[in-house]
Structures are given as C-alpha cells and as structure tokens.
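Chemist: Test case, fold it:
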Amino acid sequence: MKGSTTDTAPVQGAAVHLWSLTAVELRARLLAKEISCREVLDSFQRRIEEVNPQVNAIVTHCPERAREAAARADDSYARTGRPLGPLHGLPVAHKDLVDTAGLRTSYGSRVYAGHVPDRDALLAQRYREAGAILVGKTNTPEFGAGSHTVNDVFGATRNPYDLTRSAGGSSGGAAAALAAGMLPIADGSDMGGSLRNPAAFCHVVGLRPSVGRVPNWPSAAPYFPYPTNGALGRCVEDVALQMAVIGVPDPRAPLAAPYPESFDLGGGFEPAGRRVAFDADLGGLPVDPAVSGVLARVPQVLAALGCDVHEGGPGWDGADDAFLTWRAWYQVLCFGELVDEHRELLRENIVWNVDQGRRVTGEDLVRAEKQRNAVTERARAFLDTHEFLLCPTSQVAPFDIGLNHPPQVDGVPTRHYLDWMRACSRVTVTGFPAASVPFGFTDDGLPVGVQVVGRPGADADVLRFAGALQEAATGSRVAPVAHTVDARREPSSTPQRRLP
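Modeler: As a prediction, the model looks like this:
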C-alpha cells in the first residue's frame with residue numbers, strides 16, 4: 001500500500017506485525033516516532049482485507065477516508081510536535097449503532113440500510129477528537145437486540161476462534177475485530193450483556209462501566225439506567241486508555257457522573273489481602289459444564305494472588321423480573337413506532353420485544369422497581385464486605401452461528417432469546433461496573449470469560465483487579481483465524497459438538 005514502509009516492529013528482539021501489538025504498545029511507538037500513523041493504518045488495513053471476509057466483523061469500510069486522516073495526523077505531529085490526543089493514530093471502527101457523520105450507520109436494520117447521519121454521536125466525537133482514525137463500522141444485531149451478532153443487512157459475524165460459532169453480541173463485530181487483529185481498540189454498548197458476552201466469546205476484555213460513567217448522546221431514553229456505552233480491548237490497559245477518553249461528564253446526559261475518574265492504572269495496585277467472592281452460578285442459574293469446568297479454577301487463581309476468597313453472592317431474587325420488565329418498557333419507548341410502521345422489515349427479536357413491552361402495566365413497573373431497588377441494596381451491602389464479586393460472564397460457550405440463541409443451558413430449555421444472558425443481565429440491574437476478562441478455553445478450544453463486578457463508581461478499581469487477573473490467567477491476544485475451519489463452509493442450523 002502507498003505510504004507504508006514496514007509492517008513489522010521489533011518486540012523483545014523479534015519482528016512482529018504492527019496489527020498484533022496492543023493499543024498501548026502502538027501508542028508508545030507512535031509517540032516515540034518509531035512508526036507513523038500511515039504505517040499503523042496500512043498494517044491494519046491489510047489485516048482487514050485478509051481476515052474480514054472470513055469473520056464479517058467490519059461491515060462498512062472507509063479506507064480512503066482513514067488514509068487521509070492518518071496523513072493529517074502524521075503531518076500535524078511532524079509540524080507541532082504534539083500528538084492529536086491520547087488515541088493518536090490508533091485505528092477504530094465504531095459499533096453500527098453509533099452515529100458517524102458522513103458514514104453509513106444502519107443499526108443492523110433493513111429500515112436504515114442506506115442511512116448516513118449528518119453528525120457524530122458524542123462517543124464517535126470523543127474518539128475522533130482524541131486522535132483515533134476511523135476505518136469503518138462493526139457489525140451488530142438489529143438495534144442491538146440480542147447477544148448474537150446477525151442481521152438482514154450484513155449477515156452474521158463469525159467467532160475468530162471457530163468460524164462456525166457465534167461471536168456474541170450485540171458488540172460482536174467489535175469483539176471479533178479485536179480478537180482477529182483487525183482493530184487495536186473498539187467501543188461497545190451493553191444493556192443485558194451486549195459488551196461483556198462478546199468479550200467472553202472472543203477472548204478479549206470488555207468493561208460495562210457504572211451507569212453514568214460514559215455519557216450517551218443523543219439518546220431516546222436519557223434517564224433510563226440500564227444501557228451504557230463502554231470499551232473493549234485485547235488487554236485491560238487498552239480498555240483503560242479508551243475509558244480515559246470516553247468516561248468524561250457531559251451536560252447533555254442527565255445521568256452522567258458529575259466528575260471524571262482517573263483511569264491511570266499505575267500506582268502499585270496489590271490484589272493480596274483483598275476480600276473477594278466467587279459466585280459460580282449467580283444464585284442457581286444453569287451453567288454449561290464446559291464453562292463451569294474452566295471457571296472452577298477461579299478460587300485457586302484468586303488464592304494464588306493472595307486474595308481472601310469466599311464463595312457465594314448477594315442473592316439475585318427479583319433481578320430477572322426487574323430486568324425483563326423495565327427492558328420491555330424501554331423497547332416500546334425506542335422502537336414501538338418503528339414496529340407499527342415497518343413490522344414486515346424487522347427481525348423477530350425487535351417485534352417480540354415491542355409486543356412484550358405493550359403488555360407491561362403500571363403495576364408491573366412498580367413491582368419491577370421495588371425488585372431493582374432490593375437487588376441493588378443487597379449487592380451494595382455485599383460489596384461493602386467483599387471488594388469484588390467474580391462470576392461467569394456467560395452461561396454458555398460460543399454456540400452454533402446458525403442459531404438465534406442456545407435452545408438450552410445444561411439441559412434447561414431457554415424460554416426466549418434473553419434467557420441465556422442472565423449471568424450478565426442480573427448484574428446490569430445493580431448499575432455497578434463489571435468487566436469480562438479472558439480466563440481460558442474449553443476442551444473444544446472455545447474462549448471462556450470471568451466477570452469482575454465492583455463497587456458503584458469504582459470502574460478503575462475493577463480494571464486494576466482485572467489486570468491482576470489477566471496476568472494470572474493464560475491465553476493468546478490474537479485469535480488464530482486462519483487455522484480454525486474453512487470459511488466457505490456453510491453454518492449449520494443444528495447444534496454441533498458440545499453446544500450448550
């Protein structure tokens with residue numbers, strides 16, 4: 001490609017591809033002028049061309065626009081000696097729910113297949129102003145409905161660890177792009193696990209921040225406390241780098257935290273002596289044996305870190321009803337008119353959500369709010385005496401890409417497409433920060449993540465503890481995409497091998 005002089009950089013005496021480096025490593029080399037923004041971009045562009053046809057993670061690509069931005073970044077740094085910002089020269093592709101001025105944003109829906117916004121959402125604006133180079137958009141299910149990334153506009157995103165499996169969702173495109181080495185940083189959003197589940201499925205790190213930590217604008221429901229934007233990365237440090245940019249207050253977001261939090265992870269955080277708990281099934285949820293077998297070593301790893309380890313959790317009675325009731329109400333608020341006008345163009349998940357929401361009564365909301373308050377108070381009291389709570393991120397391993405959702409979990413049938421996400425959605429009800437950290441692999445080589453939940457507002461501490469856990473757990477940073485299966489193979493519509 002024009003402008004590229006090299007695609008490798010020396011790391012501990014060996015030459016490695018630039019796309020395989022973490023964002024923090026790339027940033028250090030960019031600021032030291034060892035490499036240029038053009039060289040970094042060209043390396044990632046080549047990687048996108050090589051593996052995206054197999055994975056289908058980046059669905060709208062703007063290479064010429066990106067190349068122009070990288071050239072401007074290099075010229076500015078050469079002229080002024082100052083980087084554009086904390087994300088100077090790092091390629092990014094925003095989730096296809098995030099408005100990007102002049103670049104198609106489809107929301108994964110046929111209704112908006114050709115939609116091109118005329119302004120950036122606040123999230124995209126912050127990445128741009130911090131110096132990130134926009135290369136495109138990442139795939140998502142229609143309007144983010146579901147933790148399996150498939151839609152009628154772009155199709156399904158495949159898991160880079162096994163191309164016959166789901167990448168999770170709704171930030172599945174972002175997580176898969178990171179895992180496959182197509183991006184060094186990525187944003188995501190999360191209501192019932194949309195950021196955490198794909199992080200677990202794709203062996204990357206994802207942080208669902210405390211409600212209000214990352215302001216969202218524009219929003220159809222600015223006072224609703226369940227959905228939030230967050231960040232994904234191949235390591236904890238890359239997530240912290242992004243959170244320092246996007247976790248800043250904004251007056252247009254009424255729930256936004258009134259002050260920023262420092263995401264400098266230095267300062268000698270020590271896990272030893274900290275009282276932590278491991279809730280293996282979040283109060284009795286079914287968990288596939290392939291997942292629980294991997295996570296059985298969590299207490300051992302925590303003990304090796306010097307933690308004071310306890311078993312159990314705060315109790316999650318009422319969390320499921322609180323989440324489903326309020327979520328149904330939210331779906332009508334956001335998509336009720338759309339379903340009325342375009343029902344025939346929408347996928348079943350969105351239509352089902354709105355139909356369920358229209359059955360919600362005032363008494364249902366009163367009951368759900370009482371339950372939400374009770375769950376949150378129990379969790380707060382529990383975390384007064386336990387600094388962190390660890391639990392499964394997902395109840396299942398990545399499932400067959402031809403399914404809408406797992407039909408059962410450890411022999412227990414799922415009632416609907418949200419049923420298998422409860423390990424995440426129960427935590428959502430509290431509004432507390434939660435990170436998914438790669439923890440290992442099943443016997444089939446499928447990624448498993450562990451969820452780290454922290455005290456309200458303690459987002460940086462969650463990342464610090466996740467960093468210690470990251471060092472103790474093992475696993476590769478970039479998925480072996482080319483060594484999984486033949487990408488031309490058609491996905492099965494029936495469960496394969498050890499499908500939960």
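
Chemist: So for this protein, the centremost residue is which one?
Modeler: The C-alpha lying nearest the average C-alpha coordinate of the chain belongs to Leu195 (Cα atoms, centre = their mean; 2.7 Å).

Chemist: helix or strand for the closest residue to that one other than its chain neighbours, which one?
Modeler: In space, Leu195 comes closest to Gly188 once its chain neighbours are excluded; the distance is 3.9 Å by Cβ to Cβ, 6 or more residues apart in numbering. In short, each C-beta sits where N, CA and C put it, glycine included. Assigning secondary structure by DSSP states H and E places Gly188 in strand 185-190.

Chemist: Please read off the pLDDT at the residue nearest to Leu195 from the model.
Modeler: Per-residue confidence for Gly188 comes out at a pLDDT of 98.

Chemist: same thing with Pro495?
Modeler: Per-residue confidence for Pro495 comes out at a pLDDT of 27.

Chemist: again, but for Gly268
Modeler: For Gly268, the model assigns a pLDDT of 75.

Chemist: And Pro258, by the same measure?
Modeler: For Pro258, the predicted pLDDT is 83.

Chemist: how about the helices in this protein?
Modeler: Assigned by DSSP state H, the helices in the chain fall at 23-31, 37-55, 63-80, 122-129, 172-179, 196-202, 236-246, 289-295, 298-304, 319-342, 348-357, 362-385, 422-428, 459-472.

Chemist: Nearest approach to Glu311 belongs to which of the ones you listed?
Modeler: With respect to Glu311, and counting by Cβ to Cβ, the nearest of the helices of the chain is helix 298-304 at 7.3 Å.

Chemist: and that closest one, what does it pack onto?
Modeler: Other elements packing on helix 298-304 under the criterion 3 or more Cβ pairs under 8 Å, 6 or more residues apart in numbering; DSSP states H and E are strand 275-278, strand 308-311, helix 459-472.

Chemist: and if we set it to 7 Å?
Modeler: Counting by 3 or more Cβ pairs under 7 Å, 6 or more residues apart in numbering; DSSP states H and E, the packing neighbours recorded for helix 298-304 are strand 275-278, strand 308-311.

Chemist: Could you give the number of residues near Asn56?
Modeler: Counted with other Cβ atoms under 10 Å, residues neighbouring Asn56 total 23.

Chemist: separation between Arg208 and Phe432?
Modeler: Here the criterion is Cβ to Cβ, to the nearest Å. By it, Arg208 lies 9 Å from Phe432.

Chemist: Looking at the two, which is more packed in?
Modeler: Under the criterion of other Cβ under 10 Å, the comparison of Arg208 against Phe432 puts Arg208 first, with 34 against 24.

Chemist: does that one have beta-bridge partners, and which?
Modeler: Note on Arg208: beta-bridge partners by DSSP bridges are Ala434.

Chemist: list the contacts for it?
Modeler: Counting by Cβ atoms under 7 Å, 6 or more residues apart in numbering, Arg208 makes contact with Asp190, Leu195, Arg196, Thr228, Gly230, Pro433, Ala434.

Chemist: can you do 8 Å?
Modeler: Applying Cβ atoms under 8 Å, 6 or more residues apart in numbering, we find Arg208 in contact with Asp190, Leu195, Arg196, Thr228, Gly230, Cys424, Val427, Thr428, Pro433, Ala434, Ala435.
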